[in-house]
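In: Just the structure for this:
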Amino acid sequence: MIAAELRVSERSVRRWRQAWQAGCEAGLASRGQAAQCRLDEQQLAALDLALEAGPLAAGWEDQRWTLARIRDLVARKFRVRYTIPGIWYLLQRRGWICQMGARRAIERDDGAVEVWKKETWPRIKARRRPSAAGSSSKTNAASR
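Out: I've put the predicted structure just below:
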């Protein structure tokens, strides 16, 4: 419960509790962010604007941002290298979320799919036969 509210692991909460019980309040003090962001506030604001403008404005041929593309954009625009997980954490801290696109065929006709589901599928879907009384035992005389 506490871990969920603080958005940390249960292990961290146990470690903090043990430090507190040991009377070591200095152990509970924050050590700060694990790693410093390599971009300053102006660069982060410029990155937000570039992401909002979209991949087409950044030179890609489609409207899909990927972590690799954003990493390349940051390297090209700000001359700062990030790893893919580093870009992921950076975007999370900035309030961006990951959205997975639906994988559908370009030729998909949603109207035809709905008609098929409503008309064709009920016709071809086999109804289950009610089970009849009987035995599947090989020793039963009636099954020979």
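In: Run the chain-centre distance for stretch 55-70.
Out: 19 Å (CA atoms, centre = their mean, to the nearest Å).
In: That stretch: which residues count as buried?
Out: By 16 or more other CB atoms under 10 Å, the buried positions in stretch 55-70 come out as Pro55, Ala58, Trp65, Leu67, Ile70. Every residue, glycine included, has its C-beta placed from N, CA and C.
In: what residues does that stretch touch?
Out: Contact partners of stretch 55-70, identified using CB atoms under 8 Å, 6 or more residues apart in numbering, comprise Ala50, Leu51, Gly54, Leu73, Ile84, Ile87, Trp88, Leu91, Gly101.
In: Buried only: go through those residues for me.
Out: Here, 16+ other CB under 10 Å leaves Ala50, Leu51, Leu73, Ile87, Trp88, Leu91 buried among those.
In: Using the three-state scheme, assign Val8.
Out: Taking DSSP: H, G, I helix; E, B strand; the rest coil as the rule, one finds Val8 in the coil state.
In: That one: neighbour count?
Out: 13 (other CB atoms under 10 Å).
In: The residue most central in space within the chain: what secondary structure?
Out: In the chain, the residue lying closest to the centroid (CA atoms, centre = their mean) is Cys98, at 5.7 Å. Following three-state DSSP, Cys98 is assigned to coil.
In: how about the strands of the protein, start to end?
Out: Using DSSP state E, the chain contains no strands.
In: Low-confidence ranges, it, go.
Out: Within the chain, the set of residues satisfying pLDDT under 70 comprises 27, 32-34, 126-138, 140-144.
In: got the residue ranges for the helices in it?
Out: Under the criterion DSSP state H, the chain contains helices at 2-6, 10-21, 41-53, 67-78, 84-93, 110-115, 121-124.
In: In a markdown table, list the ones you listed along with distance to Ser30.
Out: Shown next, in a markdown table, are the helices of the chain (distance: least, CB to CB, whole Å):
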| stretch | distance to Ser30 |
| --- | --- |
| helix 2-6 | 12 |
| helix 10-21 | 11 |
| helix 41-53 | 21 |
| helix 67-78 | 27 |
| helix 84-93 | 16 |
| helix 110-115 | 51 |
| helix 121-124 | 58 |
